[in-house]
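*Asks:* how would this look folded up:
(2 chains)
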Protein chains: 2
Amino acid sequence: MNSGLSFLVAARQCEIAELEQLVPTSELVGVIARFVHALQRERGISNIFLASQGRQFGGPRHQQVAQCEALERELRLQFDQLDTGTARLRNGARLFNRIAVALHSLDGLPALRQRIATLVLQPKGSTDAFVRLIACLLAVVFEAVDGATDPEISRELVAMFNFMQGKEFAGQERAFGAAVFASGRSDDASRSQWRHLIESQEACFQTFRDFSRTALPEETLPADLEQLRRQGAVSHDGQRPDPEASRVWYDCCTDRIDAMKSVEDQLAANLRVLCEARIAQARAELADQQAIVSALSREASAAPTASGAHYGPNLERSIVAMVQEQSLRLQAMGEELDTVRAALDERKLIERAKGLLMTHRQLSEQDAYKALRQMAMNQKRRIIDVAQAVLTTAEVLPGNPS
Amino acid sequence: MNSGLSFLVAARQCEIAELEQLVPTSELVGVIARFVHALQRERGISNIFLASQGRQFGGPRHQQVAQCEALERELRLQFDQLDTGTARLRNGARLFNRIAVALHSLDGLPALRQRIATLVLQPKGSTDAFVRLIACLLAVVFEAVDGATDPEISRELVAMFNFMQGKEFAGQERAFGAAVFASGRSDDASRSQWRHLIESQEACFQTFRDFSRTALPEETLPADLEQLRRQGAVSHDGQRPDPEASRVWYDCCTDRIDAMKSVEDQLAANLRVLCEARIAQARAELADQQAIVSALSREASAAPTASGAHYGPNLERSIVAMVQEQSLRLQAMGEELDTVRAALDERKLIERAKGLLMTHRQLSEQDAYKALRQMAMNQKRRIIDVAQAVLTTAEVLPGNPS
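*Replies:* Coordinates of the predicted model:
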């Protein structure tokens, strides 16, 4: 029969097993980060290829597609290595569902590339398709992060997710800006959407700074980029965007995004080191605990007490102290984890509002998000506030199916 | 290589595995409920045995101890059957830690009974020891409930926990009232503590009603109990509690608590039925899903498309619909689970405040709770508000170790 002490040890072993789960999770996040970066490049290159009617970037596009295909294979292998047979993962069902969505989206990639190669797609259609695919991959990262149970590692994973999401907004800004400059036209709507992309990036990087131990200096944007942003996203003076600036804009943005890629690689490496350190630490603590438990058990059997209790008063105090220390530590960890995971609530709320629009208005996921973004832009409010309003209104409207 | 469809199936299998975890959890809660009831009876009998200097209830006490010992063996077996080897349980570390605490507390039971049998303990000391032991067992139930991941079952588990906790407050009220009547004295402090026990019960039963599908009619207290409560807990008219009423009070309360025991048994049975129904439902849905997936795979291999996509447009639509349905369902379940688990937040907050007092003031768990309760009674505030105030103050005080 198991004693209280053996459950004390089992609790610690549980912590170690949960930490060990975070190794493949962190690796998965790292692989997705590299694949997303390659897709972001392919998106940009395909855009220019299409805009130039296939005259520019034919060669680089081939190379980039090959790189993406290699990373896709690596990602699929990583998916296959996930332990789908058991319910070990904390939110396995949601993670696997997101992977199913992502894989389905990936299955459409060859057809998309075919349409790009044969120039039957407009740049905007191509960009939108890549944006959707990358969103599916980031949703996998989100679920992986949401399932992490160690506060210290969760903190870094939340930071990493926000960095990846911020970088993706930067990639979307690159494409959006390039199209605005190329067209030589901007209006209130395009300026507003551009600002939305800038603000979304800034919010993500701020969350990153709030959570990561890796210090990210306040970003100093290159003067060119600053000026071009002002021209495209801010100015109301009737000055038209200069089509010649399209390429300068694109290159500035690309430098910025490539620099982000280096940070991302560093974050993935830090994450690996952190996981290993936490596991080593937990194992050392388990060994210490087991040594104490063995010593206690020996003493207890060497000196049985007459009172009917199993342990003498000194042993009793040691056990109480050990149990209490563990209780308080687990409680503190639980609280810290709750604090960290609260950073994910905003996105969950937006997902809920999207789900509601999808169900009630029969919208696709993309259209539901666009509807929220449009409301936010029209009302000059944050998208999170609009999502909250949608959810609040749904509760009081008649015909609410819940 | 796994396809998106196989991850769709894996997500569903994950859900089933999580539901299957809830069968032993529910059984554990049922066994603890029966054991706690037996301990509540032993507490009451031991009290009268001690108060009568061993002249009353010697025989019933022996019988009750034997019954408790049988149930303790059953509980220990149940603990042993828990899967401590893997990290399958959602909050295994916290659950096992609580079990370690409870087993350690149970190890002290023979010594406690020895002191009762030899009359070296006052009734109050005996009551307090049983209260602490039962609190340890309820803490195990709390962690088991907190780890449940199916909103429908979680809802019933939250209800069950609150019912058990409410019943325990009713048991404490029985002991407290019996002691007040026996002493023939009551003062502001005792009246206030008595009202605290009544209010705590009512809050628990209200949460139970908010969550359980099992309808619990508004309780009509027997006239005797109502009147005796008024005498002991409310009256300020200088009328002294009648020592003769002690036994009437005790019997009224016992009838009430025994009736609660029947409800508890019913809840445990309902929980078993619900678990089985949810598992059967999930398995049927999985079978449906697998049939569709097989059909899709057959069609896809029978009619390969030239476009490079794996599936034709009709299959494509079926897959998208299936994936989206699952996403929305998982999302809705996640939200409902969050709502249900919010009912556990109040207790977590009180635990945090207790932990803080234990760490900063070097108090034992019992003394930390007493300090919170005393503040609440002195300031005529709810214990949850006092706990919140303690946590808020700690953040701004100097020397905060976090």
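
*Asks:* Next to chain B in this structure, residues from the stretch 51-200 of chain A, please.
*Replies:* Residues of the stretch 51-200 of chain A found near chain B (CB under 8 Å from any CB of the partner chain) are A:76-77, A:79-80, A:84, A:86-90, A:92-104, A:106-108, A:110-111, A:114. Just so you know, the C-beta spots here come from the backbone N, C-alpha and C atoms, and that holds for glycine as well.

*Asks:* repeat that with 7 Å
*Replies:* Contacts of the stretch 51-200 of chain A with chain B, taken as CB under 7 Å from any CB of the partner chain, map to A:76, A:79-80, A:84, A:86-88, A:90, A:92-94, A:96-97, A:99-101, A:103-104, A:107-108, A:110-111, A:114.

*Asks:* Just give me how far the longest helix seen in chain A sits from the chain centre.
*Replies:* Secondary structure assigned by DSSP state H gives helix A:245-302 as the longest helix of chain A. Relative to the centre of its chain, helix A:245-302 is centred 16 Å away, using CA atoms, centre = their mean, to the nearest Å.

*Asks:* quick one: low-confidence parts of the stretch 51-200 of chain A?
*Replies:* Low-confidence segments of the stretch 51-200 of chain A (pLDDT under 70): A:85-89.

*Asks:* what do you get if the cut-off is 90, keeping everything else the same?
*Replies:* Applying pLDDT under 90 to the stretch 51-200 of chain A flags residues A:51-52, A:56-57, A:81-92, A:147, A:149, A:178-193, A:195-196.

*Asks:* any idea how far chain B is from A:Ala178?
*Replies:* 27 Å (CB to the nearest CB, to the nearest Å).

*Asks:* Contacts only, for the residue most central in space within chain A.
*Replies:* Centrality entry for chain A: nearest residue to the mean C-alpha point is A:Phe161, 2.8 Å, by CA atoms, centre = their mean. Counting by CB atoms under 7 Å, 6 or more residues apart in numbering or on different chains, A:Phe161 makes contact with A:141-142, A:145.

*Asks:* and the residue nearest to A:Thr149 when sequence neighbours are not counted, how far is that from A:Arg12?
*Replies:* Using CB to CB, 6 or more residues apart in numbering or on different chains and skipping the chain neighbours, the partner closest in space to A:Thr149 is A:Glu18 (4.8 Å). In this view, A:Glu18 and A:Arg12 are 11 Å apart by CB to CB, to the nearest Å.

*Asks:* ok so, going back, so which of the contacts of A:Phe161 comes closest to B:Ile45?
*Replies:* Nearest to B:Ile45 among the contacts of A:Phe161, counting by CB to CB, is A:Val145 at 53.4 Å.

*Asks:* The closest one contacts A:Ala159, doesn't it?
*Replies:* No. In this structure, A:Val145 is not within contact of A:Ala159 by CB atoms under 7 Å, at 9.5 Å.

*Asks:* Name the member of the contacts of A:Phe161 that has the highest neighbour count.
*Replies:* Most neighbours among those, by other CB atoms under 10 Å in any protein chain shown: A:Val145, with 25 neighbours.

*Asks:* What values do phi and psi take at it?
*Replies:* phi -70, psi -40 (degrees, to the nearest 10).

*Asks:* From the contacts of A:Phe161, pick the one nearest chain B.
*Replies:* A:Phe142 (12.1 Å; CB to the nearest CB).

*Asks:* just the helices in chain A please.
*Replies:* Going by DSSP H, chain A shows helices at A:4-51, A:58-81, A:92-107, A:109-117, A:123-146, A:151-183, A:188-211, A:223-229, A:245-302, A:313-341, A:345-361, A:365-378, A:383-396.

*Asks:* closest to B:Arg341 out of these?
*Replies:* Closest among the helices of chain A, using CB to CB: helix A:313-341, at 11.0 Å.

*Asks:* what about the closest one, distance to the chain center?
*Replies:* 31 Å.

*Asks:* Please apply the same query to stretch A:284-304.
*Replies:* The answer for stretch A:284-304 is 43 Å, by CA atoms, centre = their mean.
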